[in-house]
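Enquirer: just coords:
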């Protein structure tokens, strides 16, 4: 009986299917799904212990994120009107850069390279998983010792997300991580909004809004740390 | 710029049932090139950027070079084709590796050294071999600094193990 394997083809097709939608730009889901696909493909490469091509995915993801982060701000976080128009200008610049990226020969190279990878053996992937788990546990330890440190929360959020994707590639439940990820994600959205406000020329006129968000962030950081403590137990056994 | 042109290591032969882009390195090709990479490391070679062709044999060769790369690695379809001005415009970094195929690696060397692609016959790189150029990455603007057949790189690695390089 052949050894079970994990092809990356489904998420590579997902990426390719959403590139034209991202290029068109009328449906924000296109850029969102491009970004999701780059993360899932990166998790596959982590399990396959392949480093090349990860930088290409990161390059595409960075450009997609510049658009998607503003989409999230505009569509889901309901910013004040004066901030909204500044964000729309920034969004246009980010979209222009994304379009250059989508027409770049590096993208064609990246897709061709990904298409060439053979399915990953399940046993190899299972051997790598504990390393990914240990990395997340270390990041969690760092958060537990200083849970108002946004940098540490950010690293934990990214590590937990990568672990979830790795578990999903292996066909395992990532449910215990989801609640921690949800609140970590909310904290990140608020932190991201604050970053944009601080870059904005409207920074001073948005002082009240900023203060509200800063309070919210303190509360979300506390909630993130508690949610992580609950999730932690469920993954310790995988290390 | 120090530019290292690397030809992919030994790959599975072409067959009717295997697409050319999907040909992997042979187990022996991987093993030999890993030793050649040690030879490059012993020469103190590192890269701040690596560009590679997206064909599997070049991707697998690039993966073996990763320990020497202290910057970004970039897939580019331009290394699976005739060398072009677009490829040269794309290059950035101070110590750069290009991982690709023959006859294009030899053509690129001849173009960069002599501004004459027809001189490529003199620069045929063996599988897993490396050409080291220095200068501006523009036609006729680079000079040859080294030409390393894979055997020499492997020997450098072995010499050091025997303590003969110390």
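Expert: It's in. Bear in mind the structure is a predicted one, so any value in this text is a computation, not a measurement.
Enquirer: contacts and neighbour counts: CA atoms only from here.
Expert: OK.
Enquirer: what values do phi and psi take at residue B:11?
Expert: Note on residue B:11: backbone dihedrals following degrees, to the nearest 10 are phi -110, psi 170.
Enquirer: and the pLDDT for the nearest residue to it once chain neighbours are set aside?
Expert: Sequence neighbours aside, residue B:25 is the residue nearest to residue B:11 in space, at 3.8 Å (criterion: C-alpha to C-alpha, 6 or more residues apart in numbering or on different chains). On the pLDDT scale, residue B:25 is placed at 97.
Enquirer: show the contacting residues for residue B:25.
Expert: With contacts defined as C-alpha atoms under 8 Å, 6 or more residues apart in numbering or on different chains, the neighbours of residue B:25 are B:9-12, B:56-57, B:60-61.
Enquirer: filter those residues to the buried ones?
Expert: Neighbour counting with 16 or more other C-alpha atoms under 10 Å in any protein chain shown marks B:9-11, B:56-57, B:60-61 as buried within the contacts of residue B:25.
Enquirer: out of those, which is nearest to residue A:7?
Expert: For residue A:7, the closest of the buried ones among the contacts of residue B:25 turns out to be residue B:56, at 15.6 Å, with distances computed as C-alpha to C-alpha.
Enquirer: that closest one against residue B:26, yeah?
Expert: No: if you go by C-alpha atoms under 8 Å, residue B:56 and residue B:26 don't touch, sitting 11.5 Å apart.
Enquirer: I'd assumed residue B:97 was in a helix, is it?
Expert: No: with DSSP: H, G, I helix; E, B strand; the rest coil as the criterion, residue B:97 is assigned strand and is not in a helix.
Enquirer: from residue B:89, how far out is it?
Expert: Using C-alpha to C-alpha, to the nearest Å, one gets 15 Å for the distance from residue B:97 to residue B:89.
Enquirer: ok, the two, which is more surrounded?
Expert: Taking other C-alpha atoms under 10 Å in any protein chain shown, residue B:97 and residue B:89 do not tie; residue B:97 has more neighbours (28 against 10).
Enquirer: thought that one was touching residue B:61?
Expert: No: checked against C-alpha under 8 Å, the pair residue B:97 and residue B:61 is beyond contact range at 11.5 Å.
Enquirer: the lowest-mean-pLDDT helix or strand in chain B - contacts with which helices or strands?
Expert: The helix or strand of chain B with the poorest confidence is helix B:150-161; it has a mean of 80 (mean pLDDT, DSSP states H and E). Secondary-structure packing of helix B:150-161 (3 or more C-alpha pairs under 8 Å, 6 or more residues apart in numbering or on different chains; DSSP states H and E): helix B:27-42.
Enquirer: show me the contacts for residue 65.
Expert: As the question left the chain open, I've gone with chain A. Shown in contact with residue A:65 (C-alpha under 8 Å, 6+ apart): residue A:35.
Enquirer: you answered for a different chain; I wanted chain B.
Expert: When the contact criterion is C-alpha under 8 Å, 6+ apart, the partners of residue B:65 are B:34, B:37.
Enquirer: tell me the secondary structure at it.
Expert: Reducing the assignment at residue B:65 to three states with three-state DSSP gives helix.
Enquirer: kindly report the same for residue B:3.
Expert: Three states are possible here, and by three-state DSSP the one that applies to residue B:3 is strand.
Enquirer: from the contacts of residue B:25, which is closest to residue A:103?
Expert: Within those, the smallest distance to residue A:103 is 22.2 Å, found for residue B:56 (C-alpha to C-alpha).
Enquirer: which residues of chain A lie near chain B?
Expert: A:50-53, A:55-56, A:105-110, A:112-113, A:116-117 (C-alpha under 8 Å from any C-alpha of the partner chain).
Enquirer: helices - which of those residues land there?
Expert: When DSSP state H defines the helices, the subset of the residues of chain A next to chain B inside them is A:55-56, A:105-110, A:112-113, A:116.
Enquirer: show me where the chain has strands.
Expert: I'll assume chain A. Secondary structure of chain A (DSSP state E): strands located at A:5-6, A:120-121.
Enquirer: correction: the question concerned chain B.
Expert: All strands of chain B, identified by DSSP E, fall at B:2-7, B:47-52, B:69-75, B:95-100, B:130-135, B:142-148.
Enquirer: nearest approach to chain A belongs to which of those strands?
Expert: Comparison of the strands of chain B against chain A by C-alpha to the nearest C-alpha identifies strand B:69-75 as nearest, at 4.9 Å.
Enquirer: now stretch A:117-126: average pLDDT?
Expert: What stretch A:117-126 shows for mean pLDDT is 94.
Enquirer: hmm, back to that, ok, so of the buried ones among the contacts of residue B:25, who is nearest chain A?
Expert: Using C-alpha to the nearest C-alpha, residue B:56 comes nearest to chain A of the buried ones among the contacts of residue B:25, at 5.7 Å.
Enquirer: residues in contact with that closest one?
Expert: Residue B:56 makes contact with A:113, A:116-117, B:21-25 under the criterion C-alpha under 8 Å, 6+ apart.
Enquirer: how about the residues of chain B by chain A?
Expert: Chain B has residues B:21-22, B:53-56, B:59, B:62-63, B:66, B:72-78 near chain A, with proximity defined as C-alpha under 8 Å from any C-alpha.
Enquirer: at 7 Å instead, please
Expert: Applying C-alpha under 7 Å from any C-alpha of the partner chain, we find that chain B lies next to chain A at B:21-22, B:54-56, B:59, B:62-63, B:72-77.
Enquirer: which one of the strands of chain B lies closest to residue A:182?
Expert: Shortest separation from residue A:182 across the strands of chain B is recorded for strand B:69-75, at 31.3 Å, computed as C-alpha to C-alpha.
Enquirer: and the gap between the residue nearest to residue A:185 when sequence neighbours are not counted and chain B?
Expert: Taking C-alpha to C-alpha, 6+ apart as the measure, residue A:185 lies nearest to residue A:157, with 7.1 Å between them; neighbours along the chain are not counted. Separation of residue A:157 from chain B (C-alpha to the nearest C-alpha, to the nearest Å): 24 Å.
Enquirer: how about residue A:28?
Expert: Using C-alpha to the nearest C-alpha, which is the criterion applied here, residue A:28 is 27 Å from chain B.
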